[in-house]
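Enquirer: My questions concern the predicted model and sequence given below.
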Amino acid sequence: DLYPSILLSRLCIKPFRDHTEQQHIAAQQETALQDAHAHSSVLPQLEPPSPAE
């Protein structure tokens with residue numbers, strides 16, 4: 001008797017959980033992009049550009 005109600009509660013929780021995970025992933029990606037940008041703006045000052053680039 002409990003199983004259907006557990007299933008229903010999971011169905012109600014899942015969209016909220018997915019949305020939270022998406023926000024978390026987006027925040028991680030944004031942080032990674034900022035880190036990459038910071039590194040790319042710092043590295044050329046430390047090293048001469050390579051001929052390949």
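Expert: Right, received. Where do you want to start? Values in this document were obtained by computation on a predicted structure and should not be read as measured data.

Enquirer: what about H19, neighbour count?
Expert: 10 (other Cβ atoms under 10 Å). Any C-beta I mention is one placed from the backbone N, CA and C, and that applies to glycine too.

Enquirer: Tell me the pLDDT of the most centrally placed residue in the chain.
Expert: For the chain, I25 is the residue whose C-alpha lies nearest the centre (Cα atoms, centre = their mean; 2.4 Å). Looking at I25, its pLDDT is 88.

Enquirer: which secondary structure element contains it?
Expert: helix 2-46 (DSSP states H and E).

Enquirer: ditto for P51
Expert: Here P51 is assigned to no helix or strand, by DSSP H and E.

Enquirer: What mean pLDDT does stretch 40-53 get?
Expert: Averaged across stretch 40-53, the pLDDT comes to 63.

Enquirer: Please disregard the earlier target; I meant stretch 9-20.
Expert: pLDDT averaged over stretch 9-20 gives 75.

Enquirer: and that stretch, C-alpha only, in CSV?
Expert: Provided in CSV are the C-alpha atoms of stretch 9-20 (Å, rounded to 0.1, in the frame of the first residue of the first chain):
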residue,chain,number,x,y,z
SER,A,9,6.1,11.6,-3.9
ARG,A,10,9.2,10.8,-5.9
LEU,A,11,7.5,12.0,-9.1
CYS,A,12,6.7,15.3,-7.3
ILE,A,13,10.2,15.7,-6.0
LYS,A,14,12.1,14.8,-9.2
PRO,A,15,11.5,18.0,-11.2
PHE,A,16,12.6,20.1,-8.3
ARG,A,17,15.7,18.0,-7.8
ASP,A,18,16.5,18.2,-11.5
HIS,A,19,16.2,21.9,-11.5
THR,A,20,18.5,22.2,-8.5
